[in-house]
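Trainee: Kindly generate the corresponding structure for this input.
(2 chains)
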Amino acid sequence: MNKLDSKFGDFGGMYVPELLIPALDQLEQAFIDAQNDPEFQKEFMGLLHDYAGRPTALTLTRNLVSNPNVKLYLKREDLLHGGAHKTNQVLGQALLTKRMGKKYVIAETGAGQHGTATALACALLGLKARIYMGAKDVERQAPNVFRMRLMGAEVIPVDSGSGTLKDAVNEAMRDWSATYEDTHYLLGTAAGPHPFPTIVREFHRMIGEETKRQIMEKEGRLPDAIIACVGGGSNAIGMFADFIDDENVKLIGVEPGGKGIHTGHHGAAISTGSKGILHGTYSYIMQDEVGQIEESYSVSAGLDYPAVGPQHAHLHATGRAQYVAIDDDEALNAFQLLAQKEGIIPALESSHALAHALNMADEAEEESIFVVNLSGRGDKDLSHVYDIIGDRVVADTNEQAGE
Amino acid sequence: MDRYKAMFEQLAAKQEGAFVPFVTLGDPDVETSTDIVNCLVENGADALELGIPFSDPIADGPTLQKASIRALSHHVTPDDSFAIISKIRTLHPSTPIGLLLYSNLVMHRGIDAFYQAAKAAGVDSILIADVPARESGPFFEAATKHDIKQILIAPPNASEETLQLISKHSEGYTYLLGRAGVTGAETAAQMPASKLVSRLTELDVAPPVIGFGISKPEQVKAAIDAGAAGAISGSATVNIIEQNLDDKAKMLRVLAQFTAAMKAATQTTASKE
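Mentor: Prediction:
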């Protein structure tokens, strides 16, 4: 039986072939041992501090918010080595891989962010990485494919299914069912079968812990709301975890509304309200009228996943956290605004959280402190954003120059 | 009526093992699929293992993934799959029919409603590829209520705890994995699996039938000689469908020959003497 709780209320579990159960049990045991081993913690914390650059800053925005009632802070995961929060948990799981005596790592990646993070952790710790990436994504994301190869990872294009992230996950799970004896599956988000949602949360938990310490130093009180984007939900759960018991702090997850929920072209699994099992966990998922999994869509590759981590499903079901959807256009506006007003180019993922925080800031009638988890930086998104709003940005800039 | 029990008793009397082909329902389309399944039974299949096409089959290799994609490209639904089973049940009242599918199709309809529909179509057993023994509680409940046998998988790496769970719950037959990995004829089952077979026999589980990597008559023979009660062959069967998509008559002819040859290999050494 499981040593840790494998469920979050009704959600979660281990819906995988029997063959993978011993590998997941081994991982659970290694994780429990590591959490109780001061040497492991020392090595993990050392890497986070000396290699990745933790703690990250908590920045009060200067110009972004015009409502005098509101202070908007950004938790600067964009400053972390690798350019996003992802570095935290890949270092943790890579250390677990070594602890289990495994030499190989497999991972899935959509646009290449988790693949790149996995590749850097494996390069650092002397592990060999195999990264599954949808064939369409391999074509669209040539720079990230090169980044991964530069750091020594093998990139395997996945042709089956729709050739995108969910098919890359399928293929990674298939690989793992034949190779678990010497290979760790380094899952990239707080979803998938137990114990992944718990491990990924705990390896991102310092995001919220640091935030709490930093905001207490600056403001002497907890924030009124914490806002984070949710695809699978790893940055959000890392940010939320330390605040779940602080019931006066609102927790708000922002899902990708894509072209609008009503169009069907989105990735807002919780907002659709439809429950089911995908990739080993029972949660909210995007599915058709008989239960076939649907393709998700978002302008932001990191949020483009047709399910959500089971703890978010539980936080939604219990009402502890609130989940909203922000569409592509709103996220692109926030992306441009943060660059213009604060000199920070955010990831498109994080721009979703920021867009919702800006809406909240507009409406706030009482003194409020909001914290947005700025989960990543936007360098990776530049060419994509240029293709969509490049002309508008140039026009805006010329207009300002003429003033 | 316990069709599995009746089948195993009859086969034991003849000193034969069971040959159980697997195909995906609705592959390549509903009409052809019905003819395929019927052809398998008429040419010697002792029981059937039938899949409902699913968009994300994580336990399947390329051959069965493509089978799902072919069926889904014709919008084959679980109801279409049940309709095929109903026809086969009418034609072959005593052949055990097992369903092998993924959990989300069950969850979407609701566990109880799904088992009820399966029973009404004539299904004898259900195996859910992504429901391991420790998550199987609610599925067993529905299976018991609707008189369906819930099948569990015994993998080569199973812990004693999992084997105990299987021995406590397994009914109909036990699906013994011939090897690790996903379905496919590319990698052969590792014979003999006799050590696991004898442990399962000690635990008095439902008759073990070996699947994964069984594509040739000699592998069927090796499975039976290792003490298995039968052998399941999926990808090799589906390969024949894939290779003859433009010639249905030839497809059925080759499937008939394949089934007969695999069935012939289930005779134990003793039965030939």
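
Trainee: Run through the residues that contact whichever residue of chain A sits closest to chain B.
Mentor: Nearest residue of chain A to chain B (C-beta to the nearest C-beta) works out as residue A:291 at 3.0 Å. Every residue, glycine included, has its C-beta placed from N, CA and C. When contacts are counted by C-beta atoms under 8 Å, 6 or more residues apart in numbering or on different chains, residue A:291 touches A:276, B:78, B:104, B:105, B:107, B:108, B:109.

Trainee: gap between the helix or strand containing the first one and the chain center?
Mentor: Spelled out, it's residue A:276. Per DSSP states H and E, residue A:276 falls inside strand A:275-278. In terms of C-alpha atoms, centre = their mean, to the nearest Å, the centre of strand A:275-278 is set 19 Å apart from its chain centre.

Trainee: Please name every helix or strand in contact with the following helix or strand past that strand.
Mentor: For strand A:275-278, the succeeding helix or strand toward the C-terminus, using DSSP H and E, is strand A:281-284. Contact here means 3 or more C-beta pairs under 8 Å, 6 or more residues apart in numbering or on different chains; DSSP states H and E; on that basis strand A:281-284 packs against strand A:11-12, helix A:269-272, strand A:275-278, helix A:310-317.

Trainee: From the chain's centroid, how far away is strand A:281-284?
Mentor: Chain-centre distance of strand A:281-284: 17 Å, with C-alpha atoms, centre = their mean.

Trainee: ok, for the closest residue to chain A within the stretch 151-273 of chain B, nearest residue in space, not its chain neighbours?
Mentor: Using C-beta to the nearest C-beta, the closest approach of the stretch 151-273 of chain B to chain A is made by residue B:181 at 3.5 Å. The shortest distance from residue B:181 to any non-neighbouring residue, by C-beta to C-beta, 6 or more residues apart in numbering or on different chains, is to residue A:178 (3.5 Å).

Trainee: and if you look at residue B:56?
Mentor: residue A:293 (5.1 Å).

Trainee: Tell me the pLDDT of that neighbour.
Mentor: Confidence at residue A:293, expressed as pLDDT, is 96.

Trainee: Next one: the closest residue to residue A:264 other than its chain neighbours relative to residue A:272, how far apart?
Mentor: Residue nearest to residue A:264 in three dimensions, not counting chain neighbours: residue A:294, with 7.7 Å by C-beta to C-beta, 6+ apart. According to C-beta to C-beta, to the nearest Å, residue A:294 stands 9 Å off from residue A:272.

Trainee: any residues in contact with both of the two?
Mentor: The contact sets of residue A:294 and residue A:272 overlap at residue A:286 (C-beta under 8 Å, 6+ apart).

Trainee: where does the stretch 151-273 of chain B come near chain A, residue by residue?
Mentor: Within the stretch 151-273 of chain B, the positions near chain A by C-beta under 8 Å from any C-beta of the partner chain are B:152-155, B:157-159, B:161-162, B:177, B:180-182, B:187.

Trainee: Now tabulate those in CSV and tack on pLDDT.
Mentor: Listed next are these as CSV, based on pLDDT from 0 to 100:
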residue, pLDDT
B:152, 94
B:153, 94
B:154, 93
B:155, 91
B:157, 85
B:158, 86
B:159, 86
B:161, 88
B:162, 88
B:177, 91
B:180, 86
B:181, 89
B:182, 88
B:187, 84
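
Trainee: Could you check how far residue B:22 is from residue A:215?
Mentor: 58 Å.

Trainee: If you could redo that for residue A:68, that was the one I meant.
Mentor: The gap separating residue A:68 from residue A:215 is 19 Å, by C-beta to C-beta.

Trainee: more neighbours, the two?
Mentor: Between residue A:68 and residue A:215, counted using other C-beta atoms under 10 Å in any protein chain shown, residue A:215 has the larger neighbour count: 21 against 8.

Trainee: worst-scoring helix or strand of the chain, pLDDT-wise?
Mentor: If you meant another chain, say so; for now it's chain A. Across the helices and strands of chain A, mean confidence by mean pLDDT, DSSP states H and E is lowest for helix A:135-140: a mean of 85.

Trainee: wait, chain B
Mentor: For chain B, counting by mean pLDDT, DSSP H and E, that's helix B:269-272 with a mean of 57.

Trainee: returning to what we had before: got the phi and psi for the residue nearest to residue A:264?
Mentor: Backbone torsions of residue A:294, given as degrees, to the nearest 10, read phi -100, psi 160.

Trainee: For it, which residues are in contact?
Mentor: Residue A:294 neighbours (C-beta under 8 Å, 6+ apart): A:264, A:286, A:287, A:288, A:306.

Trainee: Out of those residues, which end up buried?
Mentor: Among these, those classed as buried by 16 or more other C-beta atoms under 10 Å in any protein chain shown are A:286, A:287, A:306.

Trainee: quick one on the thing from earlier: now the residue of the stretch 151-273 of chain B closest to chain A: how far from residue A:4?
Mentor: Separation of residue B:181 from residue A:4 (C-beta to C-beta): 27 Å.

Trainee: Which residue comes closest to residue A:165 once chain neighbours are left out?
Mentor: residue A:110 (3.6 Å).

Trainee: right, I mislabeled it, should have said residue B:151
Mentor: residue B:127 (3.9 Å).

Trainee: Are we agreed that the one you found is in a helix?
Mentor: No - judged by DSSP: H, G, I helix; E, B strand; the rest coil, residue B:127 forms no part of a helix; its state is strand.

Trainee: Just give the nearest non-adjacent residue to residue B:206, would you?
Mentor: Counting by C-beta to C-beta, 6+ apart, residue B:170 is the residue found nearest to residue B:206 once chain neighbours are left out, at 4.4 Å.

Trainee: got it, and residue A:243?
Mentor: Residue A:243 sits nearest to residue A:249 (C-beta to C-beta, 6+ apart), 4.7 Å away.

Trainee: What is the burial count for residue A:83?
Mentor: Close neighbours of residue A:83, defined as other C-beta under 10 Å, add up to 20.

Trainee: Equivalent analysis for residue A:79, please.
Mentor: Residue A:79 has 19 neighbours, counted by other C-beta under 10 Å.

Trainee: Touching, it and residue A:58? I think so.
Mentor: No - assessed by C-beta atoms under 8 Å, residue A:79 is found out of contact with residue A:58, at 10.8 Å.
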